[in-house]
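Undergrad: Compute the structure for the input listed below.
(one chain, ligands or ions: 1)
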Amino acid sequence: MRVPLLDIPASYEKILQDVETNINQVIQSGQFVLGPIVEELEQKISTYCESKYAVGVSSGTDALIISLMAAGISEGDEVITTPFTFFATAGSIARLGARPVFVDIEQDTFNIDPNQIEKSITNKTRAIIPVHLYGQSVDMNPVLELAQKNNLVVIEDAAQAIGSEYEGRRTGSIGDFGCFSFFPTKNLGGFGDGGMVTMSSEDVYNQVKTLRVHGSNLKYYHKVIGGNFRIDALQAGVVLAKLKYLDQWTEKRRKNAQTYNQLFKEKGIADQLTLPSEVTLRHVYNQYVIRVKNNRDELRSFLSEKNISTEIYYPLPLHLQDCFAYLGYEKGAFPESEKAANESIALPIFPELTQEQLSYVTEKIDEFTKKYGI
Ligand SMILES: *Cc1c(COP(=O)(O)O)cnc(C)c1O
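TA: The predicted model follows:
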């Protein structure tokens, strides 16, 4: 038995025909950047995410950058976010010359702890980027309250969370901007890089569209400095073909998570493993992450020997990265993030996993715990 972390080709059977149709259409049209298929994808994503507008961009990273640009973030500004996220979240802030200000995470959700945000707000704070990590929404009400009170822009990093919900609202439609990624490992992945920004303000929509094409509305005349943040038509065609199956795949991910939970409970090791908590519905399980306190890396090697792939998201919190040394954070500054980096391990959760594979993974983890303890 072999269990990869992700089996992208496993989904091909379903989608290849639609993908081919869309790709052929793009090839025939000769329009390879933006164009009608991108507009169709934007319209469908905005509907799916319950946002008024959507703008297709080159990646999830560029979705963050263009949102920060549209929000007017620049040198001297501070932007609050979590240190326990993919690098792009804080990297984007720094690339605009602004300062990432980190706030520690909650133990159960791995998401930014809303109770610790207020003490980090200064007169330079301009925005908050909550990250819906692993596919579960941040507790948004307190975030929105603080933002309103302090006049801050809220940019949701929903790169891992398309279709997830908070109190019945889709993530990405709750703040001022929603940032999505079509990187192949995300729940809605293309055959390359791509992303999307969602928003409800028409002004912001027009601004983002202008920034996407070097800040020009009229070709070769530039009112502001933007960038090339465009999405390819071929990528849009792939993502559009896959979007039809997203809900089905998300249900499979949720079901796989339930199966893991059930099997770990039956084996009596659920508490030891600290199973993922599902606080805000609905969690879309881009990752299924458990905690192993003392010997996470040993478990990982053990599983690897049994042909089970796992991953650590993320082994070093951002405040301890070399490139952010200038921010002056010390080890111990964010104990929950540092603990999560040492304890967390992501198990395979992709939609096409079989019952046998799920059982095999839980059996091998059970075997490890009985042999070595955890
Ligand atoms: C993947 C990811 C991004 C960046 O998306 P890309 O499309 O790879 O640029 C940003 N934030 C988070 C939380 C991500 O997981």
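
Undergrad: Any figure for the gap between the residue in the stretch 201-350 of the chain that the ligand sits nearest to and Lys119?
TA: In the stretch 201-350 of the chain, no residue comes nearer to the ligand than Asn286, which is 7.5 Å away by Cβ to the nearest ligand atom. (C-beta placed from N, C-alpha, C; glycine too.) The gap separating Asn286 from Lys119 is 30 Å, by Cβ to Cβ, to the nearest Å.

Undergrad: which of the two has more neighbours?
TA: Asn286 (26 against 8; other Cβ atoms under 10 Å).

Undergrad: what about Tyr329, distance to Glu118?
TA: 19 Å.

Undergrad: between the two, who's got more neighbours?
TA: More crowded of Tyr329 and Glu118, by other Cβ under 10 Å: Tyr329, with 19 against 14.

Undergrad: Let's verify the more buried one: helix, strand, or coil?
TA: Following DSSP: H, G, I helix; E, B strand; the rest coil, Tyr329 is assigned to coil.

Undergrad: That one contacts Pro100, doesn't it?
TA: No: using Cβ atoms under 8 Å as the test, Tyr329 is too far from Pro100 to be in contact (9.8 Å).

Undergrad: hey, where'd the strands end up in the stretch 151-300 of the chain?
TA: Taking DSSP state E, counting those that start in this stretch to define them, one finds strands in the stretch 151-300 of the chain at 153-157, 165-166, 169-170, 177-181, 195-199, 288-291.

Undergrad: what about the first one, near the ligand?
TA: Yes: figure legend: strand 153-157 in contact with the ligand (Cβ under 6 Å from any ligand atom); contacting residues Asp157.

Undergrad: got the angle for that strand vs strand 177-181?
TA: 20 degrees (axes from the mean of the first three to the mean of the last three Cα atoms, to 10 degrees).

Undergrad: Begin at 52, not 1, for the rest of this chat.
TA: Will do, 52 is the new start, and the previous item becomes strand 204-208.

Undergrad: hey, C-alpha coordinates of strand 204-208 in CSV?
TA: What follows is strand 204-208, C-alpha atoms only, in CSV (Å, rounded to 0.1, in the frame of the first residue of the first chain):
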residue,chain,number,x,y,z
VAL,A,204,-8.7,47.2,6.2
VAL,A,205,-9.4,43.5,6.4
ILE,A,206,-7.7,41.3,3.8
GLU,A,207,-8.7,37.6,4.1
ASP,A,208,-6.0,35.2,3.1
